[in-house]
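Trainee: What follows is a predicted structure for the sequence shown.
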Amino acid sequence: MSQKPLNIAICGVGTVGISTIEILRDQREALLSRSGRSLLVSHVGARREHTDHDYGDARVSRDVMDLARDPDVDVLVELIGGTSVAYDLIKLAIQQGKHVVTANKALIAEHGNELTALAETAGVQIRFEAAVAGGIPIIKTLRESMAANDVSEVAGIINGTGNFILTEMSTKRRAFDDVLSEAQALGYAEADPTFDIDGTDAAHKLAILASLAFGIPLSIDAPMKQGIQDVSPEDLEYAASMGYRVKHLGIARQTNQGIEMRVHPTLIPEQKQIAAVDGVLNAVMVSGDAVGELLLVGPGAGGAATASSVCADLVDIARNPGGSGPALGVPASQLSEQALVPSEQIASEWYVRLTAADQSGVMSDITQVLANRDISIESMLQKPPAPGSGKVPIVLLTHMAPQSVMTDALSEITALGEVEPDFALMRVEAFDR
């Protein structure tokens, strides 16, 4: 057993940074036994004074670049976030011959192709288990455990904030704004929650999962995205009455036409395991030709859970400084571009909610428009009008149709004089293809 410690620099002392320091301190003996060497925090980058933080014997610097230049540091852990300073920091660390561990999904999605190639050339490792789904070991699963499989699909609930909001709206029929305020108060959502609710955060993570699953270059702009801000409690209630739960999913799927990459609210049959994953939990489903379908469930955020993944990467590096394979499963030079299916061409089953006049002939007109485009109806739900109202909600579940065909049909339907212009449209996924 080597007695030379692995000297670690921690850049960023927010919730995850402090949790990482605490785990490395509190689990010192166990980590030594499991990795074969001590994992020592020797340098900490903190831009301001935190009188309540205990960094042990670590040196503290205000300039995070000092950590990348420190000749005694073996591994730099980047936890500052963003894609500007973090990029410069990681690039400098690699150039200085240091391994890198990061939880920064936006940075990996945007600059991962370059950084992984640089790391390979420099003979160092760059690891990012904590960048996707918090404490769930999905990166290692795709890169290593699924190496013998031809992966056809990766899909999951990969943003805990969105899952918490939809769960509260669904189970307690609360309004979106009310639940969002609570999520911010509980620390589940940022002061500016835009990336969580508009799908950006999930899209960054999906780009990473797709690269690992299909051997394609990272592309931060590849996934189409739709947020949860327009999902109403009424739609969640109607979906439940028809045997479905609504989840905000990221889906990457290999098809004969190319790769689908999309983030959007999705109706899932309630008997599917992933439909029962509630609150701030994440879940990732992987389909491989040899193993079949896997579902990994766990905390997708939080200091301790995310720090657990950071420490797992550190243990891997301590065990095998020479590397346990390319960061993206194959060498950066072997990542292969594949066609992406445009969102308007992606076919799905569909949930549609319309509001129409309560009079004869309206349903016939609606179904005729759909029939003219070969869109067949699987089931229909029509509620009685509210007292004093002449309008009724009509909910339809359709069979498969491309998005462009469905949206054209809805344009024609909502142009009918008896149908209101506002409607709800969500994809349905049974995951049985």
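Mentor: On my side now, so go ahead. Numbers count the residues shown, from 1 in each chain.

Trainee: For the closest residue to Arg245 other than its chain neighbours, which three-state class applies?
Mentor: Leaving aside its sequence neighbours, Arg245 sits nearest to Ala275 (Cβ to Cβ, 6 or more residues apart in numbering; 4.1 Å). Glycine gets a C-beta too; all of them are placed from N, C-alpha and C. Three-state call for Ala275 (DSSP: H, G, I helix; E, B strand; the rest coil): helix.

Trainee: Can you report how many residues lie near Ala275?
Mentor: When counting by other Cβ atoms under 10 Å, one arrives at 20 neighbours for Ala275.

Trainee: just checking, it touches Ile268?
Mentor: Yes: using Cβ atoms under 8 Å, Ala275 is in contact with Ile268, at 4.3 Å.

Trainee: where do the contact lists of the two overlap?
Mentor: Between them, Ala275 and Ile268 share these contacting residues under Cβ atoms under 8 Å, 6 or more residues apart in numbering: 244-245, 247.

Trainee: Tell me the one among the residues you listed nearest to Ile208.
Mentor: When these are compared for distance to Ile208 (Cβ to Cβ), Lys247 wins out at 19.6 Å.

Trainee: is it fair to say the closest one lies in a strand?
Mentor: Yes: the assignment for Lys247 by three-state DSSP puts it in a strand.

Trainee: Just the mean pLDDT for stretch 17-26, thanks.
Mentor: Stretch 17-26 carries an average pLDDT of 97.

Trainee: Now the one helix or strand Pro393 maps to: average pLDDT?
Mentor: In this assignment (DSSP states H and E), Pro393 forms part of strand 391-402. For strand 391-402, mean pLDDT rounds to 96.

Trainee: Just the buried positions in that strand, please.
Mentor: 392-398, 400-402 (16 or more other Cβ atoms under 10 Å).

Trainee: Beta-bridge partners for the residue nearest to Gln382 when sequence neighbours are not counted, please?
Mentor: What sits nearest to Gln382 in space, not counting adjacent residues and going by Cβ to Cβ, 6+ apart, is Ile394, at 5.3 Å. Ile394 has the following beta-bridge partners by DSSP bridges: Leu354, Gln382.

Trainee: What are the boundaries of the strands in the stretch 151-300 of the chain?
Mentor: Assigned by DSSP state E, counting those that start in this stretch, the strands in the stretch 151-300 of the chain fall at 151-157, 224-225, 244-255, 258-269, 281-288, 292-299.

Trainee: next one: the stretch 1-150 of the chain
Mentor: Assigned strands in the stretch 1-150 of the chain, in chain order: 6-11, 39-45, 59-61, 75-78, 99-102, 126-127 (criterion: DSSP E, counting those that start in this stretch).

Trainee: re earlier: right, and out of the shared contacts of Ala275 and Ile268, which lies closest to Glu114?
Mentor: Using Cβ to Cβ, these come closest to Glu114 at Lys247, 33.2 Å.

Trainee: Confirm for me that the closest one is in contact with Ile165.
Mentor: No: assessed by Cβ under 8 Å, Lys247 is found out of contact with Ile165, at 11.1 Å.

Trainee: So for those two, which residue has more residues nearby?
Mentor: Using other Cβ under 10 Å as the criterion, Lys247 and Ile165 rank with Ile165 on top: 29 against 26.

Trainee: where do the helices sit along the stretch 51-200 of the chain?
Mentor: Taking DSSP state H, counting those that start in this stretch as the test, the helices found in the stretch 51-200 of the chain are 65-69, 85-95, 105-122, 138-140, 160-172, 176-185, 194-197, 200-214.

Trainee: Please name whichever of those helices is nearest to Gly36.
Mentor: For the helices of the stretch 51-200 of the chain, the distance to Gly36 is smallest for helix 138-140, at 18.7 Å, taking Cβ to Cβ.

Trainee: Packing partners of the closest one?
Mentor: Identification of packing neighbours for helix 138-140 by 3 or more Cβ pairs under 8 Å, 6 or more residues apart in numbering; DSSP states H and E yields helix 200-214.

Trainee: returning to that earlier point: tell me the contacts of the residue nearest to Arg245?
Mentor: Taking Cβ under 8 Å, 6+ apart, we find Ala275 in contact with 244-245, 247, 268-269.

Trainee: swap in Val124?
Mentor: The contact partners of Val124, by Cβ under 8 Å, 6+ apart, come to 94, 97-100.

Trainee: gap between the closest residue to Glu78 other than its chain neighbours and His204?
Mentor: Take Glu78 and drop its neighbours on the chain: the residue closest to it by Cβ to Cβ, 6+ apart is Thr102, 4.2 Å away. Distance of Thr102 to His204, computed by Cβ to Cβ, to the nearest Å: 13 Å.

Trainee: any common contacting residues for those two?
Mentor: Going by Cβ under 8 Å, 6+ apart, residues that sit against Thr102 and also against His204 are Ile108.

Trainee: Can you add mean neighbour count, distance to Met285 and mean pLDDT and give the strands of the stretch 1-150 of the chain back as JSON lines?
Mentor: Putting these into JSON lines (neighbours: other Cβ atoms under 10 Å; distance: least, Cβ to Cβ, whole Å; pLDDT from 0 to 100) gives the following:
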{"stretch": "strand 6-11", "mean neighbour count": "26", "distance to Met285": "33", "mean pLDDT": "98"}
{"stretch": "strand 39-45", "mean neighbour count": "23", "distance to Met285": "32", "mean pLDDT": "98"}
{"stretch": "strand 59-61", "mean neighbour count": "16", "distance to Met285": "42", "mean pLDDT": "97"}
{"stretch": "strand 75-78", "mean neighbour count": "28", "distance to Met285": "29", "mean pLDDT": "98"}
{"stretch": "strand 99-102", "mean neighbour count": "27", "distance to Met285": "25", "mean pLDDT": "98"}
{"stretch": "strand 126-127", "mean neighbour count": "27", "distance to Met285": "23", "mean pLDDT": "98"}
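
Trainee: Would you tell me which of the ones you listed gets closest to Gly322?
Mentor: Comparing these by their distance to Gly322 (Cβ to Cβ), the top pick is strand 99-102, with 10.6 Å.

Trainee: No further questions, thank you.
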